[in-house]
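S.K.: one predicted model, sequence on top.
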Number of protein chains: 2
Amino acid sequence: MHNNIPDLENKNPLFLCVIATTKTARIPGITGAGATPELTDYTPAADAELIVHGEARCLPDIPQTVIEGTASPTPAVITKASLELADIPFLTADAGAAVKPNLTFFDINQIPGENIQSGQAVVNSKKIFNRGKFLGKILSQFTDHLVIGESTPAGTTTALGVLTAMGYDGNFKVSGSMPENPHNLKLKVVSDGLKAAGIKAGDLAHDPLKAVEVVGDPMIPAVAGVAAGAEVPVILAGGTQMTAVCAVVKEMEKDYNWDELSIATTIFVAKDETSDINYISKQIADYPIFAVDPQFEKCENQGLKNYINGSVKEGVGAGGAMMTALLKGVTVEEIRLKTEEFCREIFE
Amino acid sequence: MHNNIPDLENKNPLFLCVIATTKTARIPGITGAGATPELTDYTPAADAELIVHGEARCLPDIPQTVIEGTASPTPAVITKASLELADIPFLTADAGAAVKPNLTFFDINQIPGENIQSGQAVVNSKKIFNRGKFLGKILSQFTDHLVIGESTPAGTTTALGVLTAMGYDGNFKVSGSMPENPHNLKLKVVSDGLKAAGIKAGDLAHDPLKAVEVVGDPMIPAVAGVAAGAEVPVILAGGTQMTAVCAVVKEMEKDYNWDELSIATTIFVAKDETSDINYISKQIADYPIFAVDPQFEKCENQGLKNYINGSVKEGVGAGGAMMTALLKGVTVEEIRLKTEEFCREIFE
């Protein structure tokens, strides 16, 4: 593993949030990113709207993860706090969200993912990858440091699908948005999908876009494309989902310069005992993984405190947004206080 | 009229092309921006693709205006030459094109315009304006000088519609893409639309978005929104269509700072004896109009020479792209030679 932070200080970062939904997220118990399975269709659009408008316009309630009666706010509040404190531009790209956000976004792909149990998860993953690549090139004209986050409910399950199809071992190692990580359900769902497609683990080691089509989600090829097309350093802002992105990049771009890429996530993913981002990453490539601790134990907000117990953990690029803000001189305490302030304004 | 070029030298401009189509363009004889009325649906997407990919991917043939057997190339080649010589970033926004370009673009609105003879031309012009405004704010973070072009077949007719509904006199004054400007047809089409909607000229002086809904096109509120939302100087890169944009901006943004806006077009519009951009503009606001002469009389390419006789004249922000390139030190001769080179590569 790397120990050095890439030369990202004093740069002008740009934060891109790639959103998508899938019918996989409708499987009961698979994700906490939505109060009901049906509401997961709204979560990514609501996250983007919350960051831009300070409110979710596409639905009456803001995404929260409800665990035993206490709602934990979407990590979008952390992202919003970090980007605003550090004055970092925020752009949204649609990789296939069922509900579109009420704001102006880049159109990469409009069609959401299906339930991967069908073995036919994503249509046109090559187009999505190429559109992403084009966007990465475009955005490189406006920034010297591209931070890519995502909002994709049930995204760790679809990430597990892609990793497995490509021959990586992600079993019991992908993260999740709930304290109790439903690994057996995730494994069964992935296994169902591979079976339906007549594919065995590892069969698609050299066909990552096929792996996405069979058991992935539209966010993965989109973010992989943006990273592959970028001509500036890239931070993948997310947890174990981003390892599937790296697996796709590795296979699609044989000459990819891994010194230009890192993953940044939250301490809640890094310290998660129900998952292991390092274990997965080591199988793929040598890129650094940074983890930021927002010290939510100091929070008054119970919903944010729940993050410490494994609720939510990461999403909407929260970890990468914090890291990028820290690199611009913002302090952890400022981020935490601003996050609490947004929670009061938005949820109370 | 102003005489001074705004302080735009040594800036980092960004070129945004806003595309849209309408069923108005299907009216036989109204536009030259497409070999047949049906092909006008492809023209804006093909223009954007030509600039980005060097070829139109959405249709087998590149947009050309055919006059008496000689095809004149789309002005997108001038825009492409100018932007590449001056290394100016190019972005596309969809305001409602029937055919979507094969590249990554901003989604402002997906629904094309209807035939304005119905008196129901555009749905949701307020949403389009607001989305444009949001985009203007976003883009201002990445540039200090925003150049906005458009590709909207039959756009001078829909511009005439909006101007007329708002009480401006554009009769026999809007430009056109053919040497013979079909003013009487344009007047009849606008008159049909106003009649169908039960609206008289000037009735919508203070309701520009309604004027767009009745007899406009989706590009107009989109570009007006981008201009209104921009926090940097704006060049509207186009001919008389841009005066309708200015009329909308004036009414929507009472405090608009007109010192920050100019129109830049080609000499072919400025010297056009079948139209009068100055006459229309003087009724609206005091903004400068710049005209660039690419000296196509020196061309070997007959299609480009046809521009001098009134074929095409302007479009895809050709005039504004040239002006922005000139401000960055490119010469007219370089632009002309590069344009001829692209014509050889693309059309021969």
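M.R.: Cool, the structure landed.
S.K.: list the contacts of the spatially most central residue of chain A.
M.R.: By CA atoms, centre = their mean, the mean C-alpha position of chain A lies nearest to residue A:150, the distance being 3.6 Å. Contacts of residue A:150 were listed using CB atoms under 8 Å, 6 or more residues apart in numbering or on different chains, and they are A:17-20, A:219, A:223, A:237-238, A:241-242, A:315-317. Backbone N, C-alpha and C define where each C-beta goes, glycine included.
S.K.: try it again at 6 Å.
M.R.: Contacts for residue A:150 (CB atoms under 6 Å, 6 or more residues apart in numbering or on different chains) come out as A:18, A:219, A:238.
S.K.: once you drop chain neighbours, what's closest to residue A:294?
M.R.: residue A:336 (5.3 Å; CB to CB, 6 or more residues apart in numbering or on different chains).
S.K.: what of residue A:183?
M.R.: Nearest non-adjacent residue to residue A:183 (CB to CB, 6+ apart): residue A:172, at 4.9 Å.
S.K.: can I assume the one you found sits in a helix?
M.R.: No: the assignment for residue A:172, made by DSSP: H, G, I helix; E, B strand; the rest coil, is coil rather than a helix.
S.K.: that one and chain B, how far apart?
M.R.: 36 Å (CB to the nearest CB, to the nearest Å).
S.K.: could you do residue A:235 as well?
M.R.: Taken as CB to the nearest CB, the span from residue A:235 to chain B is 18 Å.
S.K.: what does the stretch 51-200 of chain A put close to chain B?
M.R.: Contacts of the stretch 51-200 of chain A with chain B, taken as CB under 6 Å from any CB of the partner chain, map to A:89, A:103, A:104, A:105, A:106, A:107, A:108, A:131, A:134, A:135, A:141, A:142.
S.K.: most neighbours out of the residues you listed, which is it?
M.R.: In terms of neighbour count, residue A:108 stands highest of these at 30 neighbours, by other CB atoms under 10 Å in any protein chain shown.
S.K.: name the element the closest residue to that residue other than its chain neighbours belongs to?
M.R.: Leaving aside its chain neighbours, residue A:108 sits nearest to residue A:131 (4.5 Å; criterion: CB to CB, 6+ apart). Using DSSP states H and E, residue A:131 maps to helix A:125-140.
S.K.: name the helices or strands packed onto that helix?
M.R.: On a contact count with 3 or more CB pairs under 6 Å, 6 or more residues apart in numbering or on different chains; DSSP states H and E, helix A:125-140 meets helix A:208-215, helix A:219-229.
S.K.: what is the subsequent helix or strand relative to the last one?
M.R.: Note on helix A:219-229: by DSSP H and E, the next helix or strand toward the C-terminus is strand A:234-237.
S.K.: return the set of residues that bridge with the residue nearest to the centre of chain A.
M.R.: residue A:18 (DSSP bridges).
S.K.: distance of it from chain B?
M.R.: 16 Å.
S.K.: check what pLDDT the most far-flung residue of chain A relative to its centre gets.
M.R.: Distance from the centre of chain A peaks at residue A:198, with 28.1 Å (CA atoms, centre = their mean). Per-residue confidence (pLDDT) for residue A:198: 98.
S.K.: once you drop chain neighbours, what's closest to it?
M.R.: In space, and not counting its chain neighbours, residue A:198 is closest to residue A:119: 7.6 Å by CB to CB, 6+ apart.
S.K.: per-residue pLDDT, that neighbour?
M.R.: 98.
S.K.: what count of nearby residues applies to it?
M.R.: Residue A:119 - counted by other CB under 10 Å - has 19 other residues nearby.
S.K.: same question for the one 5 residues further on.
M.R.: A count of neighbours around residue A:124, defined by other CB under 10 Å, yields 17.
S.K.: okay then, goodbye and thanks.
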